[in-house]
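>>> Sequence and predicted structure are below.
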Amino acid sequence: MSKSTASPTSGICYLVGAGPGDPGLLTIKGKECIEAADVLVYDYLCNPELLRHAKPGTQRMYVGKKAKDHTLTQDQINELIVKLTREGKVVTRLKGGDPVLFGRGAEEAAELAEAGVAFEIVPGITSAIAGPAYAGIPVTHRDHASQLTIFTGHEDPTKEETSLDYAKLAKADGTKVFLMGVERMEEITGKFIENGADPATPMALVRWATHGRQQTLIGTLGDMAEKVKAAGFKAPAVAVVGDVVKERKNINWFENRPLFGKRIVVTRTRQQIGQVSKLLRNLGADVIELPTIRIEEPQNPMLFGELVQDCHTYEWIVFTSPNAVDAFFTLFYKLYNDARSIGGVRIACVGPGTAERVKAQHLAVDLMPEKNFVAEGLVQAFKDFQNMENVNVLWVRGEETREVIANELTGLGAIVDEAIAYRTVPEKEDNLEGISRLVSEGADVITFTSASTVDSFFALQVPLPTGIQIASMGPVTSEAIRRHGLKVDIEARSSTIPSLVDAVLKALVQ
Ligand code: SAH
């Protein structure tokens, strides 16, 4: 995104609504602001998964209440965003839900305005409306409510007296939604009833709404305070009061999906994790993203460059991972401007995930195993396809990949050159949130999609919760799991992501 209100040399601060949690509930403009950011300033209710839209090297500053080392006061946050914007940076200030609904976005905007720096407000989807919707509760409904009142259950603690008029609130028609009210449930519902509201009015609390870990508590104005205590129900939650709550029995879509309530850990690179988590989330799972590896340049990028440059001189290019395809074509298009420079070379892929990346380049895949999507399967496919005597092959691979392709194809008489496209290194920074959730909340399943994710997960020395089931992408990954002395509970039938997700679904939903 261009710095629309600023000159190209001066900074701008975007006050962006990050939505209520589901990473899909971010606006297009919000995403563009994250992509454009030099610095991201975010807090507790803002889903850290959104940070993946940031370009590499973007500075991230967590200023939320749950920060371990230091908590910034609102004044310090104001000062910080003004200072960064004055330095000429694109500052994206992410706030949960909508930035100006009980988000102090207006105060931050006023500071920026007073400092004379450029800023924009980018509205977001508020938990006040999205939270109930994800619990199957519409905030208005033609049969029940034509009016909506939103109020806060927790005013500025420095205020001496409440500015909320409970007599009016209790008598107001329609639906009432309140935020930040869990701790004061008894007081708030009590005041409603004192002021004439019917204790039998239906009521719901939706905790961590739109996240996979969403929990809903249903009751009435009269019994909700008790239920909160009995269930140990905690913030953050949206409260909704009114007859609209009755609609939940018909349209409770989010919590009725097959994997709802199941917590599943996904280990992969940050870039690739999204593909797996999306499929699991669509089935309702609570996904913990725990990237364990990162893709980096190979040790010898020059050599890789030379082999890519000569790729058209081979009869076959063999790809054994999606990462290899991506690294290959990124470099290929730096060297050549023309897709035809690849020449008449034929392309072989180990499985559908890798083939998909090749097809994304508008190139056809000439050979792939029919079902055994591992190196051995590809070697067999070559055997069935042609005599490999003296055939020139360029194998594009990761540094740690098993040697099967080179050994076996050479054994068949082929001449194999190996282009090492990337290496995987353990991820050390981007997984702290995931690790802390796994340790504190446990999980039903952990998924592994390659041997390197297995090894790097165990290198982290995070204890696995008892009873967790281990799911593997296929035989090679399973072998790595067993090497660490563990049993594989779930294995994909064919080594693909959809097949892995399918196997997890079958294992969890009998
Ligand atoms: N600006 C935010 C609200 C900030 S006030 C918005 O528009 O959503 C913080 C309160 O919002 C929390 O105490 C809680 O009541 C509510 N909240 C925010 N995100 C929530 C979520 N995912 N689930 C439930 N409540 C949420």
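Happy to help now that I have it. This is a predicted model, so every value here is computed, not measured.

>>> which residue sits closest to the residue of the stretch 401-510 of the chain found nearest the ligand, ignoring its sequence neighbours?
With Cβ to the nearest ligand atom, the shortest gap between the stretch 401-510 of the chain and the ligand falls at residue 437, namely 15.0 Å. C-betas here are computed from N, CA, C, even on glycine. Of all residues not flanking residue 437 in the chain, residue 288 sits nearest, at 5.0 Å (Cβ to Cβ, 6 or more residues apart in numbering).

>>> Make sure I have this right: the one you found is in a strand.
Yes: according to DSSP: H, G, I helix; E, B strand; the rest coil, residue 288 belongs to a strand.

>>> check contacts around it.
263-266, 434, 437-438, 441, 443 (Cβ atoms under 8 Å, 6 or more residues apart in numbering).

>>> follow-up on the earlier one: what about the residue of the stretch 401-510 of the chain closest to the ligand, which helix or strand?
For residue 437, the host element (DSSP states H and E) is helix 432-441.

>>> Which elements pack onto that helix?
strand 263-267, strand 286-289 (3 or more Cβ pairs under 8 Å, 6 or more residues apart in numbering; DSSP states H and E).

>>> Save those as CSV, and put in mean pLDDT and distance to the ligand too.
Converted to CSV, those look like this (pLDDT from 0 to 100; distance: least, Cβ to the nearest ligand atom, whole Å):
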stretch, mean pLDDT, distance to the ligand
strand 263-267, 96, 17
strand 286-289, 93, 13
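
>>> which one of those strands is the most hemmed in?
Stretch with highest mean neighbour count among the helices and strands packed on helix 432-441: strand 263-267 (a mean of 26; mean count of other Cβ atoms under 10 Å).

>>> Which elements pack onto that strand?
Using 3+ Cβ pairs under 8 Å, 6+ apart: strand 263-267 touches helix 270-282, strand 286-289, helix 432-441, strand 445-448, helix 451-459.

>>> Just put the ones you listed in CSV and tack on distance to residue 205.
Output for these, formatted as CSV (distance: least, Cβ to Cβ, whole Å):
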stretch, distance to residue 205
helix 270-282, 22
strand 286-289, 18
helix 432-441, 19
strand 445-448, 28
helix 451-459, 35
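
>>> which one of the ones you listed lies closest to residue 300?
With Cβ to Cβ as the measure, helix 451-459 is the member of the helices and strands packed on strand 263-267 nearest residue 300 (19.0 Å).

>>> Would you mind putting the CA coordinates of that closest one into PDB?
In PDB, the C-alpha atoms belonging to helix 451-459 read as follows (Å, rounded to 0.1, in the frame of the first residue of the first chain):
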ATOM      1  CA  ALA A 451      11.200 -35.900   8.800                       C
ATOM      2  CA  SER A 452      12.900 -32.600   9.300                       C
ATOM      3  CA  THR A 453       9.900 -31.100  11.200                       C
ATOM      4  CA  VAL A 454      10.000 -34.200  13.400                       C
ATOM      5  CA  ASP A 455      13.700 -33.800  14.200                       C
ATOM      6  CA  SER A 456      13.500 -30.100  14.800                       C
ATOM      7  CA  PHE A 457      10.400 -30.500  17.000                       C
ATOM      8  CA  PHE A 458      12.200 -32.900  19.300                       C
ATOM      9  CA  ALA A 459      15.200 -30.600  19.300                       C
END
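
>>> Which positions in it come out as buried?
If you call a residue buried by 16 or more other Cβ atoms under 10 Å, then helix 451-459 has these buried ones: 451-458.

>>> quick one: residue 429 from residue 448, how far?
Residue 429 is 21 Å from residue 448, where distance means Cβ to Cβ, to the nearest Å.

>>> I should have written residue 178 there, sorry.
43 Å.

>>> now residue 438
14 Å.

>>> The helices and strands packed on helix 432-441 into CSV, with extra columns for distance to residue 187?
What follows is the helices and strands packed on helix 432-441, written out as CSV (distance: least, Cβ to Cβ, whole Å):
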stretch, distance to residue 187
strand 263-267, 33
strand 286-289, 31
